[in-house]
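> build me a structure from this.
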Amino acid sequence: MAAVQHPRPRYAPTTDGGKRTDRRVAIRVGIYMAAAHFFGGFLFLLFQLGGRH
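Next comes the predicted model:
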């Protein structure tokens, strides 16, 4: 017996209030990445300054 393959369902693009959310999610991810790098750089600076003693 051969396995029956069902077609994959096609989902509608994610919308919020009738607007696509792809762009807003990409902007939010960019902001989070920038904030995480800024925080990591700040911690690195604190450890560098603290290690001078």
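> now the strands for this structure?
Using DSSP state E, the strands of the chain run over residues 15-16, 19-20.
> show me where the protein dips below the pLDDT cut-off.
In the predicted model of the chain, residues 1-2, 15, 17-19, 53 satisfy pLDDT under 70.
> for it, just list every one of the helices.
Per DSSP state H, the chain carries helices over the ranges 22-50.
> middle-most residue in it, spatially?
The geometric centre of the chain, computed from its C-alpha atoms, lies nearest to residue 29 (C-alpha atoms, centre = their mean), at 3.9 Å.
> so how far is residue 8 from that residue?
Distance, residue 29 to residue 8, by C-beta to C-beta, to the nearest Å: 26 Å. From N, CA and C alone the C-beta is placed, and that goes for glycine too.
> what do you get for residue 34?
On the measure of C-beta to C-beta, residue 34 and residue 8 end up 36 Å apart.
> settle it for me: which of the two has more neighbours?
residue 34 (10 against 6; other C-beta atoms under 10 Å).
> burial of residue 39, as a residue count?
Close neighbours of residue 39, defined as other C-beta under 10 Å, add up to 10.
> residue 21 now?
Residues near residue 21, counting by other C-beta under 10 Å, number 13.
> kindly report the same for residue 33.
Neighbour tally, residue 33, other C-beta under 10 Å: 10.
> what about residue 52, neighbour count?
Residue 52, neighbours per other C-beta under 10 Å, totals 5.
> residue 45 versus that one, what's the distance?
11 Å.
> what's the overlap in contacts for those two?
Common contacts of residue 52 and residue 45 (C-beta atoms under 8 Å, 6 or more residues apart in numbering): none found.
> contacting residues around residue 27?
By C-beta under 8 Å, 6+ apart, the contact set of residue 27 is empty.
> how much space separates residue 32 from residue 14?
Where residue 14 is concerned, residue 32 sits at a distance of 18 Å (C-beta to C-beta).
> C-alpha coordinates for stretch 31-40, PDB please?
Presented in PDB, the C-alpha positions along stretch 31-40 are these (Å, rounded to 0.1, in the frame of the first residue of the first chain):
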ATOM      1  CA  ILE A  31      15.500  46.800  18.100                       C
ATOM      2  CA  TYR A  32      15.800  43.900  20.500                       C
ATOM      3  CA  MET A  33      19.100  42.800  18.800                       C
ATOM      4  CA  ALA A  34      20.500  46.300  19.100                       C
ATOM      5  CA  ALA A  35      19.500  46.600  22.700                       C
ATOM      6  CA  ALA A  36      21.100  43.200  23.500                       C
ATOM      7  CA  HIS A  37      24.300  44.200  21.800                       C
ATOM      8  CA  PHE A  38      24.300  47.600  23.600                       C
ATOM      9  CA  PHE A  39      23.800  45.900  27.000                       C
ATOM     10  CA  GLY A  40      26.500  43.300  26.300                       C
END
